[in-house]
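Asks: Fold the following for me, if possible:
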Amino acid sequence: MQLAGVIDHIIYFKEESSYTVLILNATDGEAYTCVGELPGLSPGEAVIFEGDLAINPKYGVQFQVSGFSFSAMDDEASVLRYLSSGFVKGIGPGLAKRIVDRFGQETFRIMEEEPERLAEIKGISLRMAVSMARSFEERAGSRQAISFLMQYNISPNLGKKIYDRYKDEVYEIIRSNPYRLIEDIDGVGFETADRLAERTGIARDSEYRIRSAVIYLLSSALAQGSVCLTREELMERALEILDVDRDLILRQLDNLSVERKIIREEEEGTSYIYGENAYYTEAEIARLLFDLNLGAAKDEKKAYEAVLNLEKQERITLEDMQREAVVGAICDTVSVITGGPGTGKTTITNLIIRYFESLGMDITLAAPTGRAAKRLSEATGCEAKTIHRLLGAGAVAEDTGRAYFMHDRENPLETDVIIVDEMSMVDMFVFRAMIRAIVPGTRLILVGDSDQLPSVGPGAVLRDIIGAGCFRVTKLNRIYRQSEASAIVRNAHLIIEGRDVDLDEKSSDFFFLERSDPERIIMGMIYLAQKKLSGHLGCDPLEIQIMTPMRKGVLGVENLNVRLQEAMNPPDPKKREIATPNGIIRAGDKVMQIKNDYEMPWEISNKRGMVCETGTGVFNGDIGKVLSVSFDSCYVRFDDDREAVYKGDAVSELELAYAITVHKSQGSEYKGVIIPLLGGPKMLMNRNLLYTAVTRAKELVCIMGSKQAVKEMISNEREEKRYTGLQRRLLEIMGT
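Replies: Numbering: from 1, shown residues only. As a prediction, the model looks like this:
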């Protein structure tokens, strides 16, 4: 249905999403509460909304807006309402009335075409008149652009983003080369740009179109983890979305290669194609690792003797491969220690620390996430920081729009030894930033489980470093004190070896509950998290983490979080809450940061409440608890004790985290883990994902669902193919 009227006032507006709640004085004489993505609107504007009436359980009847258009404001009352709104800088209700009294229905034309005439009104100087006209023109330009773009089925929110980027150039860009939007505007994909191009008459075989498709496909692959694509894979995807002759695509691949917009590489009869940034990032990582590895190797015999002495001092006895791992860390400037749970990585890390401490060397510990850093601190008794905190994540540079770090080539880290834990989840961009800040001569020790899922970000850094064979790598595959190993550890090793797990085994820390109905699984998870498991483990229910392979579906993250919030933190008059684009968040909720925010300030307080550390930067995947909520902000404490205040638009960077995807769990460890498994896409329901989920549990794992689903995951080695080239770069630069 349509609803025409004049905007009376705006109750709520969120800049990032343009989510708006406003009151519309409709032409039928009624006042309606309207909600939706409504950028660029001001009180006093005449609009026509399209949508439907709906009943909100909390706020009553609302008009859910799906689209809108602007109506002409061609009478003095409408003009006065608009100017009185305060949205034109420098004009308030009193001045608005004097302007309209002077110019009447000609007011808008005067402000657009003869702004100097505003100075005819007492109290308005020529400088003020020009400033007012600019403010009016800016808002009018935004309105016109949004209306123009809505003709091409572009949402108002996206239209606002496009206008903010291009201003008045937007019309020429849309008509001549809308494919520019793909690179310039977050949220514009090839399909959107292609639809614009088709409607503006750009030919399907246009070189703009083909080149843009190639760049878009490489960017999309990067967002999904692949640093490059094979030529065959790229051609297949390009033919699918372009539907043009193959030779036209090949011609543009040649042109882009000559211009170095893409990089082509031949390897054993296979042609790989990279985006420019991705290629040079991997190449830089390889060169920096080569420079770090130039240090002279230590005497292994002496190192071996030193390790034996350490074992005596610590009253432990290492297995041969464990001892070799410590020797490697002592002797080589770059070394890798990899292995599954229960293989002694923590014991080895502690011995390495003790050795270098005995020499008076400075040791730095780092991990990808706050929870992983906190766990590393607890396991070693030494301070550990997230990689971002270690590097001093700063603000975003105005000229490039990219985040920068305090520590880099010009201001390197001052330390002798760096140990990075949970290395499997470090992507290539984070790793490059880190090794840029390490001076040659510093020892770099990478610790992780190469059987875990690869990083959420692009690349497979740990796997490629191990695969290259250019550095000392110690693989631990024997469970330390196997007779005492938990069922979690035993079953994790069975899973990664592709062997069946006895789901009927009665164990105190690993059990399976057969369920075929999703609703019964949800109710069971709520009961276990809220009462049974939290009571058994003696922990807060929020320490029981539910992990699922998927975001969508009944057992996906989005639905589970709504249900879990209802059960574990229901509405309460004593608890304030705030509406966000990702749902309602209230005091007491478990939440996750869903994007990197390099400018978010945080602080850490000691037990007496005194601030002992401050900094900036909260990152994708950080999990915390909402301590309090006000009208437009919330106060969150993260797992590593950082506390941050989310104000205004920043709250849209949070989502509920009672349930998370297994991918998001990487680098973290929880007292108890519940995993619902009934079925899903083959690419997700694989061995590595199940292994990763199980190994996130410290004390207890519960799987709920189908035995067949578990069996199929164990037998499914198929992962989504991730194309990377760091291994090849390393072999090239090392001359292997």
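Asks: ok, which stretches of the stretch 601-736 of the chain are helices?
Replies: Taking DSSP state H, counting those that start in this stretch as the test, the helices found in the stretch 601-736 of the chain are 687-694, 707-715, 726-733.
Asks: Make JSON lines out of those and add mean pLDDT and mean neighbour count.
Replies: C-beta coordinates here come from the backbone N, C-alpha and C atoms, glycine included. Listed next are the helices of the stretch 601-736 of the chain as JSON lines, based on pLDDT from 0 to 100; neighbours: other CB atoms under 10 Å:
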{"stretch": "helix 687-694", "mean pLDDT": "92", "mean neighbour count": "24"}
{"stretch": "helix 707-715", "mean pLDDT": "93", "mean neighbour count": "17"}
{"stretch": "helix 726-733", "mean pLDDT": "93", "mean neighbour count": "20"}
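Asks: Minimum distance to Q151: which of those helices has it?
Replies: helix 687-694 (43.7 Å; CB to CB).
Asks: Can you give me the buried ones in the helix or strand containing V100?
Replies: Secondary structure from DSSP states H and E places V100 in helix 93-103. Residues of helix 93-103 classed as buried: 95-96, 99-100, 103 (neighbour count, 16 or more other CB atoms under 10 Å).
Asks: In TSV, list the helices of the stretch 601-736 of the chain along with distance to P440.
Replies: As requested, the helices of the stretch 601-736 of the chain are exported to TSV (distance: least, CB to CB, whole Å):
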stretch	distance to P440
helix 687-694	34
helix 707-715	44
helix 726-733	14
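Asks: Between the ones you listed, which one is closest to I273.
Replies: Comparison of those against I273 by CB to CB identifies helix 726-733 as nearest, at 13.6 Å.
Asks: contact partners of that closest one?
Replies: Contact partners of helix 726-733, identified using CB atoms under 8 Å, 6 or more residues apart in numbering, comprise 227, 265, 267, 282-283, 285-287, 289-290, 428, 459-461, 464-465, 467-468, 470, 736.
Asks: Tell me the buried residues within those.
Replies: Taking 16+ other CB under 10 Å as the criterion, what is buried in those is 227, 265, 282-283, 285-286, 289-290, 428, 459-461, 464-465, 467-468, 470.
Asks: and those, which of them are in strands?
Replies: Under the assignment DSSP state E, the buried ones among the contacts of helix 726-733 contribute E265 to strands.
Asks: Give me the average confidence score over the helix or strand D194 falls within.
Replies: D194 belongs to helix 190-199 when assigned by DSSP H and E. What helix 190-199 shows for mean pLDDT is 85.
Asks: Any buried residues in the helix or strand following it, and which?
Replies: Downstream of helix 190-199, the next assigned helix or strand under DSSP H and E is helix 207-223. Neighbour-count burial for helix 207-223 flags 208-219, 221-222 (criterion: 16+ other CB under 10 Å).
Asks: And for stretch 515-533?
Replies: The neighbour-count check on stretch 515-533 (16+ other CB under 10 Å) flags 515, 521-522, 524-526, 528-529, 533 as buried.
Asks: start to end distance for it?
Replies: 18 Å (CA to CA, to the nearest Å).
Asks: mind checking how far that stretch is from the chain centre?
Replies: With CA atoms, centre = their mean, to the nearest Å as the basis, stretch 515-533 stands 28 Å off its chain's centre.
Asks: Averaged pLDDT, it. What do you get?
Replies: Rounded mean pLDDT across stretch 515-533 is 93.
Asks: Report how many residues lie close to D194.
Replies: Applying other CB atoms under 10 Å, we find 21 residues neighbouring D194.
Asks: got the contact list for the residue nearest to it when sequence neighbours are not counted?
Replies: Nearest non-adjacent residue to D194, counting by CB to CB, 6 or more residues apart in numbering: R209, 7.0 Å away. Applying CB under 8 Å, 6+ apart, we find R209 in contact with 179, 194, 197, 202-203, 242.
Asks: Now with 10 Å, please.
Replies: 177-179, 190, 193-194, 197-198, 202-203, 241-242, 244, 248, 252 (CB atoms under 10 Å, 6 or more residues apart in numbering).
Asks: Give the other helices and strands that the helix holding V100 contacts.
Replies: On a contact count with 3 or more CB pairs under 10 Å, 6 or more residues apart in numbering; DSSP states H and E, helix 93-103 meets helix 76-84, helix 107-113, helix 126-150.
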